[in-house]
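Asker: sequence unknown, structure follows:
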């Protein structure tokens, strides 16, 4: 495990799984679409794709993508979140691990898509962002995609101020050999404009 504590753990104490699941259950019950991230990724994937949900939380997105026919692996450092995922989808692969040491999990490379939604990148342990992006890029097949969603201001983060800028994040991706393909303001595909408070980004690994 990383010696640095991630910001999510600082916020929740590693005990946020049931509360997080309940929050989305209430949203679904009130008629909200809670599958925007999965729908976004589904549009990018061929049938039966391999997907790594990095920072999978309670498994909401990975479970939905698996129901759509994809082979999903979820990784999270928060055991309380994984407990919910394993309860709700016991037949799926859920791994406990720190994304900064993703290489230690022995994942078979060749994923078609790696997803880091839910402000995973801004909530990483300080200083680990470049390492995490490098590990995510390494498990992708040639032409594979890294899809991320992150808040860029306090309004879109559970933090008083942002922890990473888009130029910084894009630099990490460039260092990892990834190229920006698309950027949106929402999971629904709204166009991103300079100064926007939230960004959904699609980076790709070269095909050769």
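Answerer: Nice, I can see it. Because the structure is predicted, anything quoted here is derived from the model rather than measured.
Asker: what residues does the helix or strand containing residue 62 touch?
Answerer: Secondary structure from DSSP states H and E places residue 62 in helix 60-67. With contacts defined as C-beta atoms under 8 Å, 6 or more residues apart in numbering, helix 60-67 is touched by 21, 24, 34-35, 37-38, 41-42, 51, 53, 56, 72-74, 85, 88-89, 92, 115, 117. For glycine as for every other residue, the C-beta is placed from the backbone atoms N, C-alpha and C.
Asker: how far is it from where the chain is centred?
Answerer: 13 Å (C-alpha atoms, centre = their mean, to the nearest Å).
Asker: Partner strands of whichever helix or strand comes after that helix, with direction?
Answerer: Note on helix 60-67: by DSSP H and E, the next helix or strand toward the C-terminus is strand 71-76. Strand 71-76 has the following strand partners under DSSP bridges: strand 50-54 (parallel), strand 93-96 (parallel).
Asker: mind checking which of these is nearest residue 191?
Answerer: Closest approach to residue 191 among the strands paired with strand 71-76 is made by strand 50-54 (25.2 Å; C-beta to C-beta).
Asker: which residues are in contact with that closest one?
Answerer: Residues contacting strand 50-54 (C-beta under 8 Å, 6+ apart): 41, 45, 59, 61-62, 65, 70-75, 99, 102, 107, 110-117, 120, 132, 136, 139.
Asker: Narrow those residues to those that are buried.
Answerer: Among the contacts of strand 50-54, those scoring as buried are 41, 45, 59, 61-62, 65, 70, 72-75, 99, 102, 107, 111-117, 120, 132, 136, 139 (criterion: 16 or more other C-beta atoms under 10 Å).
Asker: Pretty sure residue 137 sits against residue 175.
Answerer: No - counting by C-beta atoms under 8 Å, residue 137 does not reach residue 175; the two are 9.1 Å apart.
Asker: For these two, indicate the residue with more neighbours.
Answerer: Taking neighbours as other C-beta atoms under 10 Å, residue 137 and residue 175 compare with residue 137 leading, 20 against 12.
Asker: which residues of the chain score low on pLDDT?
Answerer: Along the chain, segments meeting pLDDT under 70 span 1-28, 32-34.
Asker: longest strand of it?
Answerer: Assignment by DSSP state E gives strand 140-151 as the longest strand of the chain.
Asker: Report the angle between that one and strand 50-54.
Answerer: 40 degrees (axes from the mean of the first three to the mean of the last three C-alpha atoms, to 10 degrees).
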